[in-house]
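Student: turn this into a structure:
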Amino acid sequence: MQYVNYYETPLGEILLAADQDGLTGLWFSGQKYYASRLDPEPEEKDLPAFDETRRWLEVYFAGKKPDFMPPIHMVGTPFQIAVWEIMRRIPYGETATYGEIAREFARERGLPRMSAQAVGSAVAHNRISILIPCHRVTGTNGSLTGYAGGLDRKVKLLTLEKVDMKDFFVPHRGTAL
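Tutor: Residues are numbered from 1 along each chain as shown. Below you'll find the model as predicted:
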């Protein structure tokens, strides 16, 4: 059974989803892939996982690095989950490129290489925004491309984390806007 709850942030309403094991989804209202893989009729309920997530988000949106993590239950393919695990290790206030994540994935599995485009697809389908920090993933050339929550939110999240934005830019055209 999946449960949902809502949380209002400075960047808009967030839909939270959880099951008995932990948080399974965190989406900004209106974002791409909103409520992806959510049961058709989830029950709205208050759960400890939601309380912990709201507490984490309060610390985060106050401009501080949370020193705890709510229970998370990643639901996806083994490839997606492996990419999301690598994303979880991107430190607060820092970024990584799709290529760096692909190289780390390949290194961990003893592969000669991994496609950055395949990694990009897994990043795009991350169901737990912010806590699994897909907003910290950038293009190799400094492009702030590919955030399902919207590029304006990506810029605001990185700015909140005090990322030095001088080497980054918002693309004006392309397929990953």
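
Student: and the contacts of the lowest-mean-pLDDT helix or strand in the chain?
Tutor: The helix or strand of the chain with the lowest confidence, counting by mean pLDDT, DSSP states H and E, is strand 43-44 at a mean of 91. With C-beta atoms under 8 Å, 6 or more residues apart in numbering as the contact definition, strand 43-44 has outside contacts at M1, Q2, Y3, V4, N5. C-beta: built from backbone N, CA, C; applies to glycine.

Student: what number of residues lie near the third one?
Tutor: Spelled out, it's Y3. The number of residues packed near Y3 is 19, by other C-beta atoms under 10 Å.

Student: tell me what it is bridged to.
Tutor: Y3 has these beta-bridge partners by DSSP bridges: A18, E43.

Student: who's in contact with it?
Tutor: By C-beta under 8 Å, 6+ apart, the residues touching Y3 are A17, A18, D19, P42, E43, E44, K45, L47, F50.

Student: how much space separates it from R37?
Tutor: To R37, Y3 is 14 Å away according to C-beta to C-beta, to the nearest Å.

Student: count the neighbours of S115 for me.
Tutor: S115 has 13 neighbours, counted by other C-beta under 10 Å.

Student: should've said V155
Tutor: By the criterion of other C-beta under 10 Å, V155 has 17 neighbours.

Student: cool, the one 5 residues further on as well?
Tutor: In terms of burial, L160 registers 17 neighbours under the definition other C-beta under 10 Å.

Student: wait, it sits on A62?
Tutor: No: counting by C-beta atoms under 8 Å, L160 does not reach A62; the two are 9.3 Å apart.
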